[in-house]
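Colleague: What shape does this take:
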Amino acid sequence: MPADVRWHFIGHLQSNKARALVVDVGAPLFMVESVDSLKLATTLDKACEAAGRADALRVMLQVNTSGEASKSGVAPDGDELVTLCRHVHGPACARLALAGLMTIGAPGAAGRACFDVLVACRARAAEALGVPGDALELSMGMSADYEAAIAHGSTNVRVGSSLFGARDYKK
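Modeller: Numbering: from 1, shown residues only. I've put the predicted structure just below:
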């Protein structure tokens, strides 16, 4: 791959794998799109220090907008989201840069309601941090619903199926 590729890590990341991702992989990691706990954020921050990273690692906080038990992320309501935003944005994670929020919404039409939830979460997070709403990116939408996600303000969409074809889960 060209040297200027900007790698994004998407998917659930266990805190015990964070160091390997940041230090051992060797690829220039641009963003982790699935930070869902204080522990993971702190571990990533320490891994960036261990790697001697000159630039801050951009992260997105994962919000479980659908409430599905099979999906990771903080709850969209309550204090957990704001607490995590403040932790990542503050001095405890000086080597991380809060890029925004991400979700993997429910499939089909129900997913569009998840987009509304993430937009509301961004407004709450921005207010809590004292930053403009558009300072926080939104990562939502996939090949089947990317147009609706963009209409809701998504700045990052995941279109792997459109590029590489549908996954074969039998393998």
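Colleague: The chain: strands as residue ranges?
Modeller: All strands of the chain, identified by DSSP state E, fall at 7-9, 29-35, 57-62, 96-102, 137-142, 156-158.
Colleague: Can you say which of those strands is nearest to A18?
Modeller: strand 29-35 (8.3 Å; CB to CB). (Glycine included, C-beta is placed from N, CA and C.)
Colleague: what is the orientation angle of that closest one with strand 57-62?
Modeller: 20 degrees (axes from the mean of the first three to the mean of the last three CA atoms, to 10 degrees).
Colleague: got any ranges where the protein has weak pLDDT?
Modeller: Residues of the chain meeting the criterion pLDDT under 70: 1, 25-28, 143, 159-163, 167, 169, 171.
Colleague: Let me see the ranges of the helices in it.
Modeller: In the chain, the helices defined using DSSP state H lie at 15-19, 38-51, 80-89, 110-129, 146-151, 160-164.
Colleague: any chance of the ones you listed in CSV, with mean neighbour count too?
Modeller: Listed next are those as CSV, based on neighbours: other CB atoms under 10 Å:
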stretch, mean neighbour count
helix 15-19, 16
helix 38-51, 19
helix 80-89, 19
helix 110-129, 18
helix 146-151, 16
helix 160-164, 11
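Colleague: Compile the ones you listed into a markdown table and extend it with columns for distance to L138.
Modeller: Listed next are the helices of the chain as a markdown table, based on distance: least, CB to CB, whole Å:
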| stretch | distance to L138 |
| --- | --- |
| helix 15-19 | 23 |
| helix 38-51 | 19 |
| helix 80-89 | 14 |
| helix 110-129 | 6 |
| helix 146-151 | 8 |
| helix 160-164 | 18 |
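Colleague: Reformat the strands of the chain as CSV; add distance to R19 and mean neighbour count.
Modeller: Compiled in CSV, those are given as follows (distance: least, CB to CB, whole Å; neighbours: other CB atoms under 10 Å):
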stretch, distance to R19, mean neighbour count
strand 7-9, 13, 17
strand 29-35, 12, 22
strand 57-62, 12, 24
strand 96-102, 14, 24
strand 137-142, 24, 24
strand 156-158, 25, 18
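Colleague: Adding distance to K46, write those strands out as a markdown table.
Modeller: Output for the strands of the chain, formatted as a markdown table (distance: least, CB to CB, whole Å):
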| stretch | distance to K46 |
| --- | --- |
| strand 7-9 | 17 |
| strand 29-35 | 14 |
| strand 57-62 | 11 |
| strand 96-102 | 10 |
| strand 137-142 | 24 |
| strand 156-158 | 26 |
